[in-house]
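Colleague: Sequence first, then the predicted structure:
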Number of protein chains: 2
Amino acid sequence: MRLLEEGVPLAEVSIERIARTAGVGKAAIYRRWSGKEELFVDVLRAYEPAEPELPGTSLRDDLVVLLDSFRRRGVANQSSALLRTVHAQMKSSPKIWAAYDKLVIAPRRQKAVEVLRRAQENGELRADLDLDLLNDVFVGPMLVRVVLRPEADLSEDLAARVVDLLLDGLRPVSSPAPQP
Amino acid sequence: MRLLEEGVPLAEVSIERIARTAGVGKAAIYRRWSGKEELFVDVLRAYEPAEPELPGTSLRDDLVVLLDSFRRRGVANQSSALLRTVHAQMKSSPKIWAAYDKLVIAPRRQKAVEVLRRAQENGELRADLDLDLLNDVFVGPMLVRVVLRPEADLSEDLAARVVDLLLDGLRPVSSPAPQP
């Protein structure tokens, strides 16, 4: 991270240079990480807000915590030019992006799909909906704001608002049927 | 587009080179476009599926057509290495990205927000929902698939499925109240 803060492009951050900067031997690094990609993903993970613990009290509570972790990563990104630079450089490096996808994004997605699957089994969620699509429906609005509209509002109640409007649906609540 | 097909990086595509390739003078180009950015956005627009005409028959119909246009652009992107390259290069050129945002993305968003605003006025959509957030909720799932998960399923019924599940909500339909 010190190298990146100094403006060294990710492509020029080699294991050798990292070892020299950290004052250790290359072997010490290879004992822990199999390559630059894995090391880099770990560094980024340590720098971003941690993955959340799910409360497990209800589908709504779990989803709010999950989505709020996307929001918090977005806020971290908004306030850190370094994180923005790192993300941009990462996307232009297919090997590092593949490592990030495998080590971070895929497990995160798997966890969310498990939450949705349990909710379908519990009857908290319609059972006829495709889990993969459901996941995109929940994370989509937050990802649009975090990744594609970096200037968008990320206020603290955003996760709860998104979860509630998706669960309740967007049609007007029909008035109760008249009592006979 | 011929220059890009030949593998010339976007950064090296100058007005002078475009004029030479097209066999016209630079003045002929400047009569129509104020600069490389505007010209490039027009070329891209001509190459992508056209912006849709909205049927105007109902909120659902309009939203399905709007979302399906995102899906069709995603399908075009999946099948064209050139389009993928152009989009990637565009994102790394802040001036061209700004022109694309201003000339294409912002008007598209404005059109969608208008559809949602009319639906709130008609009572087709809950009136207490923030239009900007509503728009992200509708476009989010499709954008996740088109932009962030380029390998994702984009089958023909996707737009309708997304719109219906968002309008109806994701909770199980409660059984009708028992008749007295």
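Modeller: Received it, and whenever you're ready, just let me know what you need. In this text the structure is predicted, and so the values were computed from the model without any measurement.

Colleague: rest of the way, CA atoms for contacts and neighbours
Modeller: Fine.

Colleague: Not counting its own residues, what contacts the helix or strand bottoming out on mean pLDDT in chain A?
Modeller: Ranked by mean pLDDT, DSSP states H and E, the weakest helix or strand in chain A is helix A:81-91, scoring a mean of 84. With contact meaning CA atoms under 8 Å, 6 or more residues apart in numbering or on different chains, helix A:81-91 is reached by A:4, A:5, A:9, A:10, A:76, A:77, A:78, A:96, A:97.

Colleague: Equivalent analysis for stretch A:67-75, please.
Modeller: A:48-49, A:51-52, A:138-139, A:142-143, A:145-147, A:150, A:154, A:158-159.

Colleague: Near chain B, which residues of chain A? Just list them.
Modeller: With CA under 8 Å from any CA of the partner chain as the criterion, chain A comes near chain B at residues A:123-127, A:133, A:136-145, A:162, A:165-173.

Colleague: Return the set of buried residues in the helix ranked longest in chain A.
Modeller: Longest helix in chain A, counting residues (DSSP state H): helix A:59-79. Neighbour-count burial for helix A:59-79 flags A:59-60, A:62-78 (criterion: 16 or more other CA atoms under 10 Å in any protein chain shown).

Colleague: I'd like to know which elements the helix or strand that contains residue A:27 is packed against.
Modeller: Assessed by DSSP states H and E, residue A:27 sits inside helix A:26-32. When contacts are defined as 3 or more CA pairs under 8 Å, 6 or more residues apart in numbering or on different chains; DSSP states H and E, helix A:26-32 sits against helix A:15-22.

Colleague: Now the helix it packs on: buried residues?
Modeller: Going by 16+ other CA under 10 Å, helix A:15-22 has these buried residues: A:15, A:18, A:19.

Colleague: List the contacts of the last one.
Modeller: Residues in contact with residue A:19, defined by CA under 8 Å, 6+ apart, are A:25, A:26, A:29.

Colleague: which residue packs closest to the residue of chain A found nearest chain B, ignoring adjacent ones?
Modeller: Nearest residue of chain A to chain B (CA to the nearest CA) works out as residue A:169 at 3.4 Å. Nearest residue to residue A:169, sequence neighbours excluded (CA to CA, 6 or more residues apart in numbering or on different chains): residue B:169, at 3.4 Å.

Colleague: What is the neighbour count of residue A:157?
Modeller: Counted with other CA atoms under 10 Å in any protein chain shown, residues neighbouring residue A:157 total 11.

Colleague: before we move on, which element is residue A:24 in?
Modeller: Using DSSP H and E, residue A:24 sits within no helix or strand.

Colleague: Give me the local confidence score for it.
Modeller: For residue A:24, the pLDDT comes out at 95.

Colleague: now the closest residue in space to residue A:36 that isn't next to it in sequence: how far from residue A:3?
Modeller: Closest residue in space to residue A:36, ignoring its immediate chain neighbours: residue A:15 at 6.0 Å, by CA to CA, 6+ apart. Computed as CA to CA, to the nearest Å, the residue A:15 to residue A:3 distance reads 12 Å.

Colleague: Quick check: residue A:39 touching residue A:45?
Modeller: No - counting by CA atoms under 8 Å, residue A:39 stays clear of residue A:45, with 9.9 Å between them.

Colleague: what about these two, which has more around it?
Modeller: residue A:39 (19 against 15).

Colleague: And the residue nearest the centre of chain A?
Modeller: Centroid-nearest residue in chain A, with CA atoms, centre = their mean: residue A:70, separated by 4.8 Å.
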